[in-house]
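Visitor: here's a sequence, model it:
(4 chains)
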Number of protein chains: 2
Amino acid sequence: MNGIGFHSHDHKSCIFEAVKAAEEQCCRQGLQLTPVRKRSLEILLEEHRAMRAYDLLDRLAKDGFGSQPPVAYRALEFLTNNGFVHKIEKLNAFIACTHRESGHMPVFLICSQCERVSEIVLPEAEEIWSGVETTSGFSITTALLEIEGVCAACKVNTDK
Amino acid sequence: MNGIGFHSHDHKSCIFEAVKAAEEQCCRQGLQLTPVRKRSLEILLEEHRAMRAYDLLDRLAKDGFGSQPPVAYRALEFLTNNGFVHKIEKLNAFIACTHRESGHMPVFLICSQCERVSEIVLPEAEEIWSGVETTSGFSITTALLEIEGVCAACKVNTDK
DNA sequence: CTTGATATGTTATAAAATAACATTTAACAA
DNA sequence: TTGTTAAATGTTATTTTATAACATATCAAG
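Guide: Sure thing, here's the model as predicted:
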């Protein structure tokens, strides 16, 4: 157990489970979790933080994959399109999804001190979205919710 | 009156009022709404859409201001820091604030067909944020909420 | 075995943003 | 008045982020 994210968890098994789940989902949906794509997902899961595309690219290149930008961007496109990875727009960075179970609109807490990003689920938010749809006549396809601030751990540190 | 945004309004007076309000706020807070900054705000208000930094830069250059990227980015930094303009992260674009009255966390509806962006206020959302703070111990400084979809007007058009 | 769709790799370039530094301006103290 | 400082503007150069365009490879279906 270690303190990645904003709370502790068994990181190795979390990676293993997530990759297995991705493989199964791809199998069911006829998607190809090719070597680059799988490795990209693994790297993002291992890092367990928001990674920039070029940092992922470096890692992929070291693992013997192509070394040019499209290699990373294409893998990321596949993974984000299929919900395995999310893009954090505020950081121009990508993070592995940690809430595969829910057909959620993801919400991210971004700590500006430690730069860690935590994905949470807010069922209340879903209600708000549907309220917006009925009152405004706007049909929602995706909702991006990025909350920036200071996480509990960093608050403790700065209080000292 | 015309149909900019997702609903009609008197656009000229809206610009005039917004600039006047910005001048007053700057005066009160000891901020300098210099010529480039004021002109940038005017352009964004006139356009009434999310503009990219380089498009704003072109307009500023034509008006006799500097023609290099920092000119636009610095004006935008001032305007966003002080709440006169918001950045739409999904579009890498900037839009004039249309809800100066509220000390709001802004919410944007982005139509993927007509590319128009509408700023709304969701008081319910504010409650959710404070809920997040108490349950997670995370102190929020800013919340970014960008909703993408199809606006009412475009839905009518595509239904035809 | 060839056709078509998908995926991978490359080079080249576009788009978005910032660093670093010189010059200007205005407020203010000496 | 002059000198000093802080803020703002301007420039060149560079970094960071992302995509276009095209060649090659892989593999299942006809």
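Visitor: what sits up against stretch A:141-149?
Guide: Residues from elsewhere that reach stretch A:141-149 (CB atoms under 8 Å, 6 or more residues apart in numbering or on different chains): A:88-90, A:105-112, A:122, A:125, A:129, B:89-90, B:112, B:129, B:132, B:138-150. In this view, the C-beta of every residue, glycine as well, is placed from N, C-alpha and C.
Visitor: 7 Å instead, please
Guide: A:88-90, A:105, A:107-112, A:125, A:129, B:90, B:112, B:132, B:138-149 (CB atoms under 7 Å, 6 or more residues apart in numbering or on different chains).
Visitor: check stretch A:104-111 too.
Guide: Outside stretch A:104-111, the residues within contact range by CB under 7 Å, 6+ apart are A:86, A:88, A:90-91, A:99, A:117-122, A:125-126, A:129, A:143, A:145-151, A:154, B:136, B:138.
Visitor: one more time with 8 Å
Guide: Outside of stretch A:104-111, the residues within contact range by CB under 8 Å, 6+ apart are A:6, A:50, A:86, A:88, A:90-91, A:95, A:97, A:99, A:116-122, A:125-126, A:129, A:142-143, A:145-151, A:154, B:132, B:136, B:138.
Visitor: how about that stretch and DNA strand D, touching?
Guide: No - using CB under 7 Å from any atom of the strand, stretch A:104-111 stays clear of DNA strand D, coming no nearer than 14.3 Å.
Visitor: returning to what we had before: mind listing which of the contacts of stretch A:141-149 are in strands?
Guide: A:88, A:107-111, B:139-149 (DSSP state E).
Visitor: filter the contacts of stretch A:104-111 to the buried ones?
Guide: Using 16 or more other CB atoms under 10 Å in any protein chain shown as the burial test, the contacts of stretch A:104-111 include A:6, A:50, A:86, A:88, A:90-91, A:95, A:97, A:116-120, A:122, A:125, A:129, A:143, A:145-151, A:154, B:132, B:136, B:138 as buried.
Visitor: burial of whatever residue of chain A ends up closest to DNA strand D, as a residue count?
Guide: In chain A, the residue that lies nearest DNA strand D is residue A:69 (3.5 Å; CB to the nearest atom of the strand). The number of residues packed around residue A:69, counting by other CB atoms under 10 Å in any protein chain shown, is 11.
Visitor: what sits against the closest residue to it other than its chain neighbours?
Guide: Residue nearest to residue A:69 in three dimensions, not counting chain neighbours: residue A:57, with 6.4 Å by CB to CB, 6 or more residues apart in numbering or on different chains. Residues in contact with residue A:57 (CB under 8 Å, 6+ apart) are A:67-69, A:71-72.
Visitor: for residue A:134, the count of nearby residues, please.
Guide: Neighbour count for residue A:134, taken as other CB under 10 Å: 8.
Visitor: quick one: which helix or strand includes it?
Guide: If you go by DSSP states H and E, residue A:134 is part of helix A:123-136.
Visitor: other SSEs contacting that helix?
Guide: Applying 3 or more CB pairs under 8 Å, 6 or more residues apart in numbering or on different chains; DSSP states H and E, we find helix A:123-136 packed against strand A:139-150, helix B:123-136.
Visitor: make TSV out of these and add distance to residue B:34.
Guide: Converted to TSV, those look like this (distance: least, CB to CB, whole Å):
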stretch	distance to residue B:34
strand A:139-150	28
helix B:123-136	33
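Visitor: nearest to residue A:41, of the ones you listed?
Guide: strand A:139-150 (20.4 Å; CB to CB).
Visitor: the closest one and DNA strand D, any residue contact?
Guide: No - in terms of CB under 7 Å from any atom of the strand, no part of strand A:139-150 sits within range of DNA strand D; the closest distance is 13.1 Å.
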